[in-house]
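In: fold the following for me, if possible:
(chains A, B, C, D and E, ligands or ions: 4)
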Amino acid sequence: MSVTVDIAHRFQGFDLNVSFHADEGVTALFGPSGAGKTTIIQSVAGLLSPNAGQIKINGRTVFDSSTSINLAPQKRNLGYVFQEARLFPHMSVARNLSFGPRARGQALDAAYQDQIVAMLGLDDLLERRPSALSGGEKQRVALARALLSKPEILLLDEPLAALDAARKEDILPYLERLRDHAGIAMLYVSHSVSEVVRLANQVVLLKDGKVAQTGSVEEVFSDTRAASVLGLRETGAVLRAKVIAHHPDGLTELKGGGAVLHLPKVAAQTGDTVRLRIKATDVMLSLSRPEGISALNVIKAKISDLRDGQGPGMLVRLQCGEDHLLARITRRSAKAMDLKLGQTLFAVVKSVSVAQADIGT
Amino acid sequence: MSVTVDIAHRFQGFDLNVSFHADEGVTALFGPSGAGKTTIIQSVAGLLSPNAGQIKINGRTVFDSSTSINLAPQKRNLGYVFQEARLFPHMSVARNLSFGPRARGQALDAAYQDQIVAMLGLDDLLERRPSALSGGEKQRVALARALLSKPEILLLDEPLAALDAARKEDILPYLERLRDHAGIAMLYVSHSVSEVVRLANQVVLLKDGKVAQTGSVEEVFSDTRAASVLGLRETGAVLRAKVIAHHPDGLTELKGGGAVLHLPKVAAQTGDTVRLRIKATDVMLSLSRPEGISALNVIKAKISDLRDGQGPGMLVRLQCGEDHLLARITRRSAKAMDLKLGQTLFAVVKSVSVAQADIGT
Amino acid sequence: AAASLRGVLDDVNQGAPTQVTVSYAGSAALARQIAQGAPADVFLSANTRWVAWLQDQGSTNTFTSQDFLSNTLVLIGTTDQPDFDLKTLPDLLDNDFLAIGHDRSVPAGIYAREALTSLGLWESLAGKILQTDNVRAALRLVALGEAPYAVTYATDAIADPRVTVLHRFAPQDHSPITYRLANLSDAAEAEAYVNYLFSPATRQIFREHGFQDVPE
Amino acid sequence: MSWLAEFLGPEGFAAMRLSIWVSLWATLLSLPLALWVAHLLVRKRFWGRELLNIVVHLPLVLPPVVTGYLLLVTFGRRAPVGQFLEQSFGLLLAFRWTGAALAAAIMGFPLMVRAIRLALESVDPKLEQAAATLGASRARIYMTVTLPLMLPGVIAGAVLAFAKALGEVGATITFVSNIPGQTQTLPSAIYAMLQIPGEEPMAFRLVIVSTLIAVIALVVSELLARRARNGSV
Amino acid sequence: MSWLAEFLGPEGFAAMRLSIWVSLWATLLSLPLALWVAHLLVRKRFWGRELLNIVVHLPLVLPPVVTGYLLLVTFGRRAPVGQFLEQSFGLLLAFRWTGAALAAAIMGFPLMVRAIRLALESVDPKLEQAAATLGASRARIYMTVTLPLMLPGVIAGAVLAFAKALGEVGATITFVSNIPGQTQTLPSAIYAMLQIPGEEPMAFRLVIVSTLIAVIALVVSELLARRARNGSV
Ligand SMILES: Nc1ncnc2c1ncn2[C@@H]1O[C@H](COP(=O)(O)OP(=O)(O)OP(=O)(O)O)[C@@H](O)[C@H]1O
Ligand SMILES: Nc1ncnc2c1ncn2[C@@H]1O[C@H](COP(=O)(O)OP(=O)(O)OP(=O)(O)O)[C@@H](O)[C@H]1O
Ligand SMILES: [Mg+2]
Ligand SMILES: [Mg+2]
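Out: Ligands and ions are numbered 1, 2, ... in the order given. From the prediction side, this is the model:
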């Protein structure tokens, strides 16, 4: 399963011109409001015909302006969770959910449906009309509806935006499983970095209708250049670590960045490789190995880049083993510590500050 | 400006029964999807008549089921940002924006309008129809429309949900100024803790149509009991600090928690008191005063409470001066450091880890 | 005036002593309108019954009426059939229809039924009769070939070159066909116009259109 | 029913039965065509669209007699289309109840199309798009999304057409004449009665029956429309 | 215009002018009332609502002659309402163009109300709520939100009524007679001409003109509706 997009489209006052390839797994479309994310997704779905370019799904050309190929949406075998739920107002929630399977002539997979319904907490809503649902409930039904049609390609336009953290926590692992086991490709639009880092294999960073950067999550989010797009608070690095052991006190021991790390229980098998995201603001630097502190994770590292930000902060890039970390510190500290390129020091990461939501399995 | 709500309403399968008072400033309605947030807001707006109870705005009863008072929405002088934008599809953005002032017969305040339009990045959109806007753009127009009608009460139902972090960063300071200087009351629905902490004076925690907890942000979010509702990652303490000086390197020096703190430029006057939120996961404990580290803020504190969480973590409550901090550390660290009630130690907070978004002025 | 007088009356009015405005509609509608105060001075009805009805209403100040014209009833068809025999009509019709005015509401239809009944044909024509809402519609059906035969006034047959008269009914087979005139005003112009209508020159015009004077 | 037959007399009663029959057929037969025409007018851009729009409205604009006349010269027994239909399908329209139904259908057609058009225009294409992404074929989308959403308008259109059919006299009488028991509908009967002095009471009996039928149709339609709005699936 | 006058003859030309005049008045005058009635039927729940609905539909259901007859016995110069209007306001309806306009308005009223109703039903009350929270009075909401949103339906209703007025003959001729230059509208003139064998060509000239007027009205309405849909403000 894969999607190849190379399109240009013009709206009054807005030019879209993007080209990227999304493999099996999750490709996040990330960018500010009005960057063109929905326009891209609509083009892939076949709901909007771009002025020019071509789109391939699994190698099959579904749109090509030069040969006037334009496959109807119903033939593209995809699932689309719209930014606005777009539920059928004249049908009950249950009917909305069974619309896709019926339309595709699929036999009812009751077990699958029950699973989705339970995950999204829709049990009590099945007989309701969409007009009697809350905003978040609508969004959950829309997500369930798309999932139940068992598509090859999932297009998700801010599917979790209206949901609370607890509910997101229920849904994200499911999307992870889908990503890892169902072999489908997902285009995922979200404004939440933690969602993207957790889910995405690849990020397409959009700005004003252009691809600003594209690559693996590690690449894009560890890039000091990306900081301006992501915002102060979300800059960070992603590093791969291998699960060594699960300890009885609930901590998981991992090896990554040339150091041994301890994290609260990570949902992965011993021997698995996981992806850890460590925000730049969560990394503290120390000239000597600190003693008697609560932070368990101290990584020996070498400064590979020093970059001034706007304001009083600066970004320090650290080489640790084959990986790197980003640390955001004040210039005052940098001066006090007299940091220099190539200097060796210790990065202190509080175990619990590597958030659950930022661990991609 | 204040709002008093004491209502009961019943939907098929859902019972709302809430009572709270919202003073001048921001009152956050916080709770999972389907908890009844929108229902409350609609009742305050006069768009839904609850089965029973009463609602007062500025002491004036606008709804009372026992005396059958039910003031029309247009007479309640409020501004409502709906969860779904609800823009007028037959009007340009500019017309949408001027609708409120015209309806209220207010003279056009061009400077004010320009300011709002610039803040929300709507300059290029003014001539467009809502149908030609992206999801986030619609939400921004809806926010602008409500703000421009200069209401006494602002009802905001997830006004920033569809916006990227950078755009939120533009809007939040404005909402703060509105809160501090306009003297209006805001009911603010959001699923984002950082938004709520930054904006709200008071939090009403909702669950299944009931008020689970209510109080100041400091109380609700510092309460170790609230941790379960907020989730692991969002627990933290709020402490008050006084601005001592703004330094030329961009750092602001504050005094709070019995210690001197350095934060990136805080938008407050010297002498002002500000509210700082420090997440439990951002606090590291050290037995001795650490040297040679990048963190600027080290607070001497005494352990006032030790509380086991689920999983490998525990929550440490610290007394520092008259305030307190929460620190989340692993039990393994606690054992290694041999933490005891009453023990004196040092809390290390990285300056930049007190996020801009978590500073309430 | 009755709608079926249009044509001839337009010709007649060319020479009228006063400016005449004619409202052509069904006799029933006109009678009711006059009863409701319509600004009419003279009412020309194709039908004596509505004149009588109007007189009964007593709603006009002055009311004098007199028989005005007479007409004859004919059977028309599309092609000339010199040896046409009315008796064979039921057989000739086969699957086709005979068009007449509505046998209770349209005067020509009433006369047609009377005539056909007294000739003993009505029963055998049952189910083969088309009734129209006015006699001109019956004529039109023949003219268009939709019906092979119709019973109309002689005047109608003259007016339309597409039809020919196959049979003339004898006046004694049906009640007398009379157009009746009601003078509803005492204005001098109305008087003059009525006189004009009865003047020999005008009578000649009517006769040219196939009308006949009322038998004394 | 027998009291009704007495109340109306045999001729009036026959006219009533015929009128209901004719109106129902007129409504039901024109419905699919009206749906199709409305679809063409709203969703398609083709050469001659404006022409179609005008043709659909003509029966409203023209005096009914003219429509009846045009029907007669088109579908009459000597007219080309009429002969073709008779020879090919054995379908006789002129001077039959079928012709009355045709006349009524044509007179009500503009009303029906307009109502359906309005309803179709207010169906949100975004919902149809959503259905398409769920794999529904065009036909399925139409049947399960578009049609249910425009149902109130379809019902309104059907009621208008039915009511119009109940009241149509000009075109009907011109096209199929007034043959008691065969083509004499309620309005034709009423029309005839009103031409006879003193028959007003009988005419008004027929008017009352006509009104009653319309009332029943209206009430049923309002109930259906309410169910449609609250969603029937 | 003179070639048109020649084409139609003085009587036909006068009928055309009168018909346009009458149809415009009928449409414009019934519009506010239709908006109000549609509002009552859609948004209010009151005793007698169903009755109002039926009364509105009656002119469609009844043969036009009956409607004309009822108008005559209500608004005639000897009839109670007619006399009252004449004495109190000097408003004469019977046998005047005003009466023709009244007849046309009443015949078109059900069509207009239905179209407006359908449009009103599809206006999203959530937008009206949004307007209310912005401080707009009910009247203002109606004028700036509701009415613009239902404009396509209002235009459709107006066009239907106008077209109907152009074609209405039964009620008009029964109520106000067929007085050339005063109450003889195009359809009445066409009706009268069809009474004379051989005058069909002239009748068809009038039909063509009638159709042309309708075409113009249709095209204008489609343009207006398109503008309304794309938003006019
Ligand atoms: N019209 C209605 N009929 C029946 N139930 C309703 C209706 N509107 C809302 N509800 C139910 O009432 C509950 C509260 O709805 P509400 O919209 O207030 O939730 P909310 O807190 O705003 O949720 P969200 O964060 O998802 O927007 C939900 O369970 C919802 O299903
Ligand atoms: N129909 C349209 N006509 C004109 N401009 C449009 C239209 N639809 C979208 N746009 C513009 O195209 C740009 C991209 O829109 P798009 O919906 O793809 O943004 P987005 O990245 O999804 O933003 P958001 O995060 O706010 O949903 C925006 O500037 C928008 O205003
Ligand atoms: Mg979007
Ligand atoms: Mg809500």
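In: pLDDT of whichever helix in chain D runs longest, averaged?
Out: Longest helix in chain D, counting residues (DSSP state H): helix D:2-43. Taken as a whole, helix D:2-43 carries a mean pLDDT of 88.
In: same check on stretch A:118-125?
Out: Averaged across stretch A:118-125, the pLDDT comes to 90.
In: over to stretch D:100-109?
Out: On average, stretch D:100-109 scores 91.
In: repeat for stretch D:221-230
Out: Here the average pLDDT along stretch D:221-230 is 82.
In: what does it contact?
Out: For stretch D:221-230, the external contacting residues (CB atoms under 8 Å, 6 or more residues apart in numbering or on different chains) are A:90, D:148, D:151-152, D:155-156, D:158-159, E:50, E:53, E:121. In this view, the C-beta of every residue, glycine as well, is placed from N, C-alpha and C.
In: of those, buried ones?
Out: A:90, D:148, D:151-152, D:155-156, D:158-159, E:53, E:121 (16 or more other CB atoms under 10 Å in any protein chain shown).
In: all strands of chain C, in order?
Out: Here chain C has its strands, by DSSP state E, at C:42-45, C:64-70, C:73-77, C:98-101, C:129-132, C:149-153, C:164-168, C:178-183.
In: using CSV, lay out those strands together with distance to chain E and mean neighbour count.
Out: Listed next are the strands of chain C as CSV, based on distance: least, CB to the nearest CB, whole Å; neighbours: other CB atoms under 10 Å in any protein chain shown:
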stretch, distance to chain E, mean neighbour count
strand C:42-45, 11, 23
strand C:64-70, 17, 17
strand C:73-77, 11, 23
strand C:98-101, 13, 28
strand C:129-132, 12, 25
strand C:149-153, 10, 29
strand C:164-168, 13, 17
strand C:178-183, 15, 22
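In: for D:Ile173, find the nearest of those strands.
Out: Closest to D:Ile173 of the strands of chain C is strand C:129-132 (CB to CB; 7.2 Å).
In: what about that closest one and chain D, any contact?
Out: Yes. Applying CB under 8 Å from any CB of the partner chain, one finds strand C:129-132 touching chain D at C:129-132.
In: out of the residues you listed, flag the one nearest to B:Gly258.
Out: Closest approach to B:Gly258 among these (CB to CB): C:Thr132, at 109.1 Å.
In: show me what contacts the closest residue to the closest one other than its chain neighbours?
Out: Distance criterion CB to CB, 6 or more residues apart in numbering or on different chains; nearest residue to C:Thr132, sequence neighbours excluded, is C:Ala138 at 4.6 Å. C:Ala138 makes contacts with C:99-101, C:108-109, C:130, C:132, C:147, C:150-152, as judged by CB under 8 Å, 6+ apart.
In: let me see the contact set for residue 132.
Out: Went with chain A since none was named. Neighbour list for A:Ala132: B:11-12 [criterion: CB under 8 Å, 6+ apart].
In: hmm, no, I was thinking of chain D.
Out: Taking CB under 8 Å, 6+ apart, we find D:Ala132 in contact with A:46-47, A:72-74, D:141.
In: and the residue of the stretch 1-150 of chain A that's closest to chain E?
Out: A:Ser131 (10.0 Å; CB to the nearest CB).
In: all strands for the stretch 1-150 of chain A, in order.
Out: Here the stretch 1-150 of chain A has its strands, by DSSP state E, counting those that start in this stretch, at A:3-11, A:14-22, A:25-30, A:52-57, A:60-64, A:69-70, A:78-81.
In: out of those, which comes closest to D:Gly181?
Out: Closest approach to D:Gly181 among those (CB to CB): strand A:69-70, 58.9 Å.
In: I'd like the average pLDDT over that closest one.
Out: What strand A:69-70 shows for mean pLDDT is 91.
In: touching chain D at all, that strand?
Out: No. Strand A:69-70 does not reach chain D (CB under 8 Å from any CB); its nearest approach is 12.9 Å.
In: and that strand, what other elements does it pack with?
Out: Packing partners of strand A:69-70 (3 or more CB pairs under 8 Å, 6 or more residues apart in numbering or on different chains; DSSP states H and E): strand A:60-64.
In: the residue lying closest to C:Ala1 once chain neighbours are set aside and C:Trp53, how far apart?
Out: Counting by CB to CB, 6+ apart, C:Leu44 is the residue found nearest to C:Ala1 once chain neighbours are left out, at 4.0 Å. Per CB to CB, to the nearest Å, C:Leu44 is found 15 Å from C:Trp53.
In: whichever residue of chain A sits closest to ligand 1: what's its closest spatial neighbour, skipping adjacent residues?
Out: As assessed by CB to the nearest ligand atom, ligand 1 sits closest to A:Gly136 within chain A, at 2.5 Å. Leaving aside its sequence neighbours, A:Gly136 sits nearest to B:Ser33 (CB to CB, 6+ apart; 2.8 Å).
In: what's the answer for C:Lys87, then?
Out: Taking CB to CB, 6+ apart, and ignoring the residues beside it in sequence, C:Lys87 has C:Leu121 as its nearest neighbour in space, at 7.5 Å.
In: just the helices in chain D please.
Out: Ranges of helices in chain D, per DSSP H, are D:2-43, D:49-61, D:64-75, D:80-89, D:97-121, D:125-133, D:138-141, D:147-167, D:170-176, D:186-194, D:200-230.
In: buried ones in stretch C:203-216?
Out: Under 16+ other CB under 10 Å, the buried positions of stretch C:203-216 are C:203, C:205-206, C:209-212, C:214.
In: which member of the residues you listed is positioned nearest ligand 4?
Out: C:His209 (83.5 Å; CB to the ion).
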